[in-house]
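In: no sequence on this one, just coordinates:
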């Protein structure tokens with residue numbers, strides 16, 4: 001499991017070979033605003049106990065993830081809705097750069113999985129509404145999906 005900026009590790013070191021991560025362009029500025037995220041796979045254990053299609057997320061300056069189109073339906077659990085209307089609180093300049101980018105990705109690797117959060121659901125105890133996404137993953141680690149190689 002990776003959170004925020006640590007999500008670059010699986011992409012940079014080839015652990016999640018099909019996923020790429022990049023940084024926003026120079027006109028992007030986001031000092032940890034609250035933005036809207038859209039749940040794409042509500043049945044996934046990460047979202048146990050959550051209701052609704054959208055959730056507020058604290059944007060953590062993580063990488064802008066790119067998932068191959070063939071894998072998006074299976075691997076992207078949540079995406080940033082993006083755009084100025086998706087900024088719920090705080091400041092974000094260049095909000096279109098995160099539009100439809102994955103916020104949470106579940107990637108099968110070997111016999112396991114890498115759960116990549118472009119956000120940081122446990123940032124300084126400030127975003128209590130997101131904590132359960134991490135706790136759910138920890139508690140339900142063996143129920144995250146079909147195991148690779150089966």
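Out: Arrived safely, thanks for sending. All values derive from a computational prediction rather than experimental measurement.

In: So for stretch 79-86, what gets flagged as buried?
Out: Judged by neighbour count using 16 or more other CB atoms under 10 Å, the buried positions of stretch 79-86 are 79, 80, 81, 82, 83, 86. (Each C-beta comes from the backbone N, C-alpha and C, glycine too.)

In: ok, residue 132 - contacts?
Out: The neighbours of residue 132, taking CB atoms under 8 Å, 6 or more residues apart in numbering as the test, are 48, 49, 50.

In: Regarding this protein, what is its longest helix?
Out: helix 131-139 (DSSP state H).

In: Strands along the chain, start to end?
Out: 2-3, 20-22, 34-39, 54-58, 64-66, 76-80, 87-89, 102-109, 112-117 (DSSP state E).

In: closest to residue 123 out of the ones you listed?
Out: Checking the strands of the chain against residue 123 by CB to CB gives strand 54-58 as the closest, at 5.6 Å.

In: for the closest one, which positions count as buried?
Out: 55, 57, 58.

In: now the first one, nearest residue through space, not along the chain?
Out: So the one you mean is residue 55. Excluding its sequence neighbours, the residue lying closest to residue 55 (CB to CB, 6 or more residues apart in numbering) is residue 37, at 5.1 Å.

In: So that neighbour is in contact with residue 82, correct?
Out: No. Using CB atoms under 8 Å, residue 37 is not in contact with residue 82; the gap is 9.9 Å.

In: Residue 40 touches residue 76, doesn't it?
Out: Yes. Residue 40 is within contact range of residue 76, at 5.7 Å (criterion: CB under 8 Å).

In: Please identify which of those two sits among more neighbours.
Out: residue 76 (21 against 18; other CB atoms under 10 Å).

In: Bridging across strands, which residues link to the more buried one?
Out: On the basis of DSSP bridges, residue 76 is bridged to residue 105.

In: Run through the bridge partners of the residue nearest to residue 88 when sequence neighbours are not counted.
Out: Closest residue to residue 88 apart from its sequence neighbours, by CB to CB, 6+ apart: residue 34 at 4.5 Å. With DSSP bridges as the criterion, residue 34 is bridged to residue 58, residue 89.

In: Now for residue 34: which residues touch it?
Out: So residue 34 contacts 56, 57, 58, 59, 87, 88, 89, 90, 127 (CB under 8 Å, 6+ apart).
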